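Engineer: using only what follows, build the 3D model:
(chains A and B)
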Amino acid sequence: MKIATWNVNSLKVRLPHVLDWLAVNQPDALCLQETKTEDANFPAEELLQAGYQAVFSGQKTYNGVAILSKVEAQDVVMGIPGYNDEQKRVIAATIDGVRVVCVYIPNGQSVDSDKYQYKLSWLAALQAWLREELARYPKLALLGDYNIAPEDRDVYDPQAWQGNVLVSEPERAAFQGLQQLGLRDSFRLFEQPEKTYSWWDYRMMAFRRNMGLRIDHILISQTLECTSCTIDKAPRKLERPSDHTPVVAEVAA
DNA sequence: ATGGCTTCATAGTGAAGA
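Structural biologist: Here you go, the predicted model:
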């Protein structure tokens, strides 16, 4: 079973890229973040014609998540149960017997901002919920834009970024907290090329200079076998790309 | 380079992203 995650930075703008990518890669499930699309405007028909069903939780302008799948998604949950949040950042569903949890973790803006505190409280709520979710669904994958680069090797210039939002110790501790639930960073289960990232700033010719961060991840529970994980840079080279690029993993269904 | 893009809401610029 092939599963993937992609922050598309507006599904409306990126729909042609998404349709092309689905046609070429044929994932069983694709998690999207930053759809920036209200549910009434979700392009369900176009995706269905491409062979994909969709469940989604969106809002105007910001955030918004979706799971596309070849077979029907079951037991859909939106948001973190019991955590009051206006922002549409979570959708979970069971697909082919695998619990697929799609997250758009808050950015945090800067370590001295209210948004950073929101990010840390959000991460604590996520971890508490996932502990229960894992008990109910042992075969679980947590995919999405984490807005956390777990280690210095996931950062193009660790010194310049030291202490910054996306790499700060409390954020990395929260990432490790998820790992302590038994979730494994699928990317690091395999040998990988150095300086592999999933996001590059639109400015500074950052992609061409490979000034990137690895902040999009697929975490896999211990009872779910994982046979590969790769980052597909190809969509980042297209005209008018998302600033993120897909992460793909193969798991045993 | 404390923002050099990009998107969205808007009808000027401003917020937000990471």
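Engineer: around DNA strand B, pick out the residues from the stretch 51-200 of chain A.
Structural biologist: If contact is defined as C-beta under 7 Å from any atom of the strand, the residues of the stretch 51-200 of chain A in contact with DNA strand B are A:60-62, A:106-107, A:109-110, A:115, A:145, A:147, A:165-166, A:199. C-betas here are computed from N, CA, C, even on glycine.
Engineer: out of those, who's the most crowded?
Structural biologist: Greatest neighbour count in these, by other C-beta atoms under 10 Å, goes to A:D145: 29 neighbours.
Engineer: give me the pLDDT for it.
Structural biologist: According to the per-residue confidence, A:D145 scores 98 in pLDDT.
Engineer: cool, and A:N9?
Structural biologist: What the model reports for A:N9 is a pLDDT of 97.
Engineer: show me the residues of the stretch 51-200 of chain A next to DNA strand B that map onto strands.
Structural biologist: Assignment to strands by DSSP state E places the following of those there: A:145, A:199.
Engineer: out of the residues of the stretch 51-200 of chain A next to DNA strand B, the closest to A:D243 would be?
Structural biologist: Using C-beta to C-beta, A:W199 comes nearest to A:D243 of those, at 5.8 Å.
Engineer: for that closest one, give me its contacts.
Structural biologist: When contacts are counted by C-beta atoms under 8 Å, 6 or more residues apart in numbering, A:W199 is found next to A:7, A:212-216, A:243-245.
Engineer: ok, A:D96 - contacts?
Structural biologist: Taking C-beta under 8 Å, 6+ apart as the contact definition, A:D96 lies against A:1, A:28-29, A:71, A:253.
Engineer: which one of the residues you listed sits in the busiest neighbourhood?
Structural biologist: Ranked by the number of neighbours (other C-beta under 10 Å), those place A:A29 first, at 25 neighbours.
Engineer: quick one, phi psi at it?
Structural biologist: For A:A29, the backbone dihedrals are phi -150, psi 140 (criterion: degrees, to the nearest 10).
Engineer: gap between it and DNA strand B?
Structural biologist: A:A29 sits 21 Å away from DNA strand B, taking C-beta to the nearest atom of the strand, to the nearest Å as the criterion.
Engineer: I figured that residue hits A:V100, correct?
Structural biologist: Yes - between A:A29 and A:V100 there is a contact under C-beta atoms under 8 Å: 5.3 Å.
Engineer: shared neighbours, the two?
Structural biologist: Here A:A29 and A:V100 share the contacting residues A:3, A:67, A:69, scored by C-beta under 8 Å, 6+ apart.
Engineer: now, which of the contacts of A:W199 lie within strands?
Structural biologist: The members of these that map onto strands under DSSP E are A:7, A:212-213, A:216.
Engineer: check the residues you listed against DNA strand B, which are close?
Structural biologist: With C-beta under 7 Å from any atom of the strand as the criterion, the ones in strands among the contacts of A:W199 include A:7, A:213 near DNA strand B.
Engineer: may I have the distance across stretch A:93-110, first residue to last?
Structural biologist: The separation between the terminal residues of stretch A:93-110, taken as C-alpha to C-alpha, to the nearest Å, is 32 Å.
Engineer: what about the strands in the stretch 1-150 of chain A?
Structural biologist: Under the criterion DSSP state E, counting those that start in this stretch, strands of the stretch 1-150 of chain A are mapped to A:2-7, A:29-33, A:53-57, A:65-69, A:74-78, A:90-95, A:98-104, A:140-145.
Engineer: return the most buried member of the ones you listed.
Structural biologist: Ranked by mean neighbour count, the strands of the stretch 1-150 of chain A are led by strand A:29-33 with a mean of 29 (mean count of other C-beta atoms under 10 Å).
Engineer: how far away is the closest residue in space to A:E169 that isn't next to it in sequence from A:A124?
Structural biologist: Spatially, and ignoring its direct neighbours in sequence, A:E169 is nearest to A:G163 (7.9 Å; C-beta to C-beta, 6 or more residues apart in numbering). According to C-beta to C-beta, to the nearest Å, A:G163 and A:A124 sit 21 Å apart.
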